[in-house]
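**Student:** generate coordinates for the sequence data below:
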Amino acid sequence: DTDKGEDDGDDAGCGVIEVVWRGEVMRKFFHIPHICRHLAASSKDNLVFSVDRSNAENQMLDFIERGRVLYMEVKHQEVLIEMGLDQVFNRTYQEYATWLAFFLCCLINLLFLINYTLSPAGVPELNDSAVTAINVLNILQLMVATFTFVMFLVVRAPVKFQVYEAEGLSKAENLFKTATDFHTMYYFGYCIVALLGIVHHDFWSTFLLLDLLMKNATARDVVKSVYNPIRSLMMSLLLLVLVVYAYTNVVFFLFRTDLTDDASGYCYTLWDCFKTLFDIGLRRANFITELMFTTYGIREILDWFGFIGIKTLLMNLVFGIIIESFAQLREENDEKVDKINNSCFICGIDKETFDRASDGVDGFSRHLKKDHLMWNYWYFLVFIWEQDKDDDDGLELYIRACMERYDVCWFPIGKALVLSDSVNEDEALNKELAACVKESRKVLSDKIQTYQQEVGGTLEAIATALKNDSLAPGGTVMRKVTAQIRESSGVGAITA
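**Tutor:** Down below sits the predicted model:
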């Protein structure tokens, strides 16, 4: 992943970035604050895949805002280090704990799948050894889930509180928004469901498998494919309900006697008939044809309309909206991955441009690691936030002012020094080629001028000979003209 390259300057404590100042791209060296070492890999991954990449300006603005949240996170982690809690309470261990809870949940449900049987009385039951193993795993899962929730409250909830506090809300509002935050509610609900799996019923543990949605982007896209086009889906479903209702009226008032004995009991009222057609009809392959006696005439047209218009077109319309939404999400994700892997996060220039400008094939890789390393820019943001404003030099003060007014003009968007050097070399080569072409044109022009003079002299000699000897005997003119041509051009004897 190009946006997550290793930082060679972190160990040395010195970083370098390229910035635009006074219309020129220049390098800025700075000291990397030590708190940057506390940034977790999962936090880096989350920023890389969550940042807004709609355009260059929005990307840089979102990078600064998300970078500010990461700054709060590492500052809070520094507090935990001072309290001696960092060995247990950190973002990395929290990620490990969530994966351990998911693994235990999968193991519990696997035991359900293998060991659950029906007793002679028809009641689901487990053998004693399976009950013991599942109880132990359930207790372990509850402990891990509780530990994960506590870690969230210690590691991430304070950061969320600071984010809300930065918005200017009161402490009461901050506490309420932090307590009702999605992740807070999710981890708390996870503990409750794990507890219900112990004290109430085993089936509660199956719902914990949905934790996969929190861990996998593709699984989340499946849910988003239904949620994102919700307005279109609601209108399509409403149209489906109205058409089925109109179809029900026709069946109830005109063809109720065509219903089979089994189906006629469900159509005593129009409401019962509507529920029957909507429930049973949509779930069967031939709509409600199987519920009615086979007849011909107008009923045949009605049956075809039910099968083609309702069962085929309208149902596929609903499914098509979901499939199209999922395909669009997948295309957007592929485009995002392509941007991450094949273009520079800072300048936005593509990989091929750097590789062509380089002597080798690693021009893009060297550019990301040395010139525009994404995390060096975040380290510089932290450097600005950590440093007192009075200690800023001119460039640092300028960048601080840009950040305060949400101006990203200091980022080298569309620019890179390595490409500027390549452009200068190309310009020098072009000038050299232009000079050679100019010299060649001069030599050629001189030769053409000399040739024109020789041809002009020859033509003048011909004209003079024709004028002076126009009355001479036959052959005299040609012999004289030939002699003058030979004298003026230096050509050997010409046979008349």
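
**Student:** only C-alpha atoms for contact and neighbour calcs from this point on.
**Tutor:** OK.

**Student:** got a list of what the closest residue to E324 other than its chain neighbours touches?
**Tutor:** Closest residue to E324 apart from its sequence neighbours, by Cα to Cα, 6 or more residues apart in numbering: S225 at 8.0 Å. Shown in contact with S225 (Cα atoms under 8 Å, 6 or more residues apart in numbering): I322, I323, E324, S325, F326, L329.

**Student:** quick one: secondary structure of the fourth one?
**Tutor:** In this case it means S325. helix (DSSP: H, G, I helix; E, B strand; the rest coil).

**Student:** same deal with the first one?
**Tutor:** Secondary structure state of I322, per three-state DSSP, is helix.

**Student:** and it, how far from E95?
**Tutor:** Relative to E95, I322 is positioned 31 Å away (Cα to Cα, to the nearest Å).

**Student:** settle it for me: which of these two has more neighbours?
**Tutor:** I322 (23 against 14; other Cα atoms under 10 Å).

**Student:** among the contacts of S225, which ones are buried?
**Tutor:** Neighbour-count burial (16 or more other Cα atoms under 10 Å) is assigned, among the contacts of S225, to I322, S325, F326, L329.

**Student:** so V361 makes contact with K351?
**Tutor:** No: the criterion here is Cα atoms under 8 Å, and V361 misses it with K351 at 10.1 Å.

**Student:** so what's the residue count around A97?
**Tutor:** Number of residues near A97 (other Cα under 10 Å) recorded here: 19.

**Student:** got the buried residues for the one helix or strand it maps to?
**Tutor:** Using DSSP states H and E, A97 sits within helix 91-115. Buried residues in helix 91-115, defined by neighbour count with 16+ other Cα under 10 Å: 91, 93-94, 97-102, 104-106, 108-109, 112.

**Student:** same thing with stretch 176-189?
**Tutor:** Residues of stretch 176-189 classed as buried by neighbour count (16+ other Cα under 10 Å): K177, T178, A179, H183, T184, Y187, F188.

**Student:** and those residues, which of them are in helices?
**Tutor:** K177, T178, A179, H183, T184, Y187, F188 (DSSP state H).

**Student:** name the nearest of those relative to R231.
**Tutor:** H183 (26.2 Å; Cα to Cα).

**Student:** before we move on, the earlier item: ok now the helix holding A97, how far from the chain's centre?
**Tutor:** Relative to its parent chain, helix 91-115 has a centroid offset of 29 Å by Cα atoms, centre = their mean, to the nearest Å.

**Student:** for that helix, name the packing helices and strands.
**Tutor:** Helices and strands touching helix 91-115, by 3 or more Cα pairs under 8 Å, 6 or more residues apart in numbering; DSSP states H and E, are helix 41-50, helix 128-155, helix 204-207.

**Student:** how about a markdown table for the buried residues of stretch 176-189, with distance to F253 added?
**Tutor:** Listed next are those as a markdown table, based on distance: Cα to Cα, whole Å:
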| residue | distance to F253 |
| --- | --- |
| K177 | 56 |
| T178 | 58 |
| A179 | 56 |
| H183 | 54 |
| T184 | 55 |
| Y187 | 54 |
| F188 | 54 |
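
**Student:** residue ranges with poor pLDDT in this structure?
**Tutor:** Applying pLDDT under 70 to the chain flags residues 1-12, 260-265, 285-290, 421-432, 434-435, 465-496.

**Student:** switch the cut-off to 50
**Tutor:** Within the chain, the stretches with pLDDT under 50 are 2, 6-12, 423-424, 491-496.

**Student:** give me the most central residue, it.
**Tutor:** Centroid check for the chain by Cα atoms, centre = their mean gives K336 as the closest residue, at 2.3 Å.

**Student:** which residues does L259 bridge with?
**Tutor:** For L259, the beta-bridge partners under DSSP bridges are M292.

**Student:** numbering from 59 from now on, please.
**Tutor:** Sure thing, new numbering starts at 59, so read that last one as L317.

**Student:** and it, what does it touch?
**Tutor:** Counted by Cα under 8 Å, 6+ apart, L317 has contacts L349, M350, F351.

**Student:** please apply the same query to R278.
**Tutor:** Here R278 is in contact with L271, M272 (Cα under 8 Å, 6+ apart).

**Student:** is the closest residue in space to D429 that isn't next to it in sequence bridged to anything, and to what?
**Tutor:** Closest residue in space to D429, ignoring its immediate chain neighbours: I75 at 6.1 Å, by Cα to Cα, 6+ apart. For I75, the beta-bridge partners are K86 (DSSP bridges).

**Student:** I75 and L439, how far apart?
**Tutor:** Applying Cα to Cα, the value for I75 to L439 is 11 Å.

**Student:** so for the helix or strand hosting W433, what gets flagged as buried?
**Tutor:** W433 belongs to helix 432-444 when assigned by DSSP H and E. Residues of helix 432-444 classed as buried by neighbour count (16+ other Cα under 10 Å): M432, W433, N434, Y435, W436, Y437, F438, L439, V440, F441, I442.

**Student:** and what of stretch 362-379?
**Tutor:** For stretch 362-379, burial by neighbour count (16+ other Cα under 10 Å) applies to G364, F365, I368, K369, T370, L372, M373, L375, V376, I379.

**Student:** please tell me how far it is from the chain's geometric centre.
**Tutor:** Relative to the centre of its chain, stretch 362-379 is centred 34 Å away, using Cα atoms, centre = their mean.

**Student:** what does stretch 181-192 give?
**Tutor:** Worked out by Cα atoms, centre = their mean, stretch 181-192 lies 46 Å from the chain centre.

**Student:** how about stretch 457-470?
**Tutor:** That offset, for stretch 457-470, works out to 24 Å (Cα atoms, centre = their mean).

**Student:** go on, stretch 88-104?
**Tutor:** Relative to its parent chain, stretch 88-104 has a centroid offset of 22 Å by Cα atoms, centre = their mean.

**Student:** quick one: contacts of it?
**Tutor:** Outside stretch 88-104, the residues within contact range by Cα under 8 Å, 6+ apart are 62, 68, 71-74, 128, 131-133, 135-136, 149-150, 153, 437-438, 440-441, 444.

**Student:** quick one: end-to-end distance for it.
**Tutor:** End-to-end distance for stretch 88-104, by Cα to Cα: 26 Å.

**Student:** cool, and stretch 327-342?
**Tutor:** Using Cα to Cα, the end-to-end distance of stretch 327-342 comes to 22 Å.

**Student:** for that stretch, buried residues please.
**Tutor:** Buried, per 16+ other Cα under 10 Å, within stretch 327-342: L328, C331, F332, K333, T334, L335, F336, G339, L340.

**Student:** just want the angle from the helix holding A155 to helix 186-213.
**Tutor:** 160 degrees (axes from the mean of the first three to the mean of the last three Cα atoms, to 10 degrees).

**Student:** what ranges does the protein have for its strands?
**Tutor:** Counting by DSSP state E, the chain has these strands, from start to end: 72-79, 82-89, 175-176, 182-183.

**Student:** pick the most buried one from those strands.
**Tutor:** Across the strands of the chain, averaging neighbours per residue (mean count of other Cα atoms under 10 Å) puts strand 72-79 on top, at a mean of 21.

**Student:** so which elements touch it?
**Tutor:** strand 82-89, helix 432-444.

**Student:** residues in contact with the longest one?
**Tutor:** When contacts are taken as Cα under 8 Å, 6+ apart, the neighbours of helix 432-444 outside the stretch itself are 61-62, 65, 73-75, 88-91, 94, 122, 125, 129, 403-404, 426, 454, 458.

**Student:** can you do 7 Å?
**Tutor:** Helix 432-444 has contacts (Cα atoms under 7 Å, 6 or more residues apart in numbering) with D61, G73, V74, I75, I90, P91, C94, G125, Y129, F403, I404, R458.
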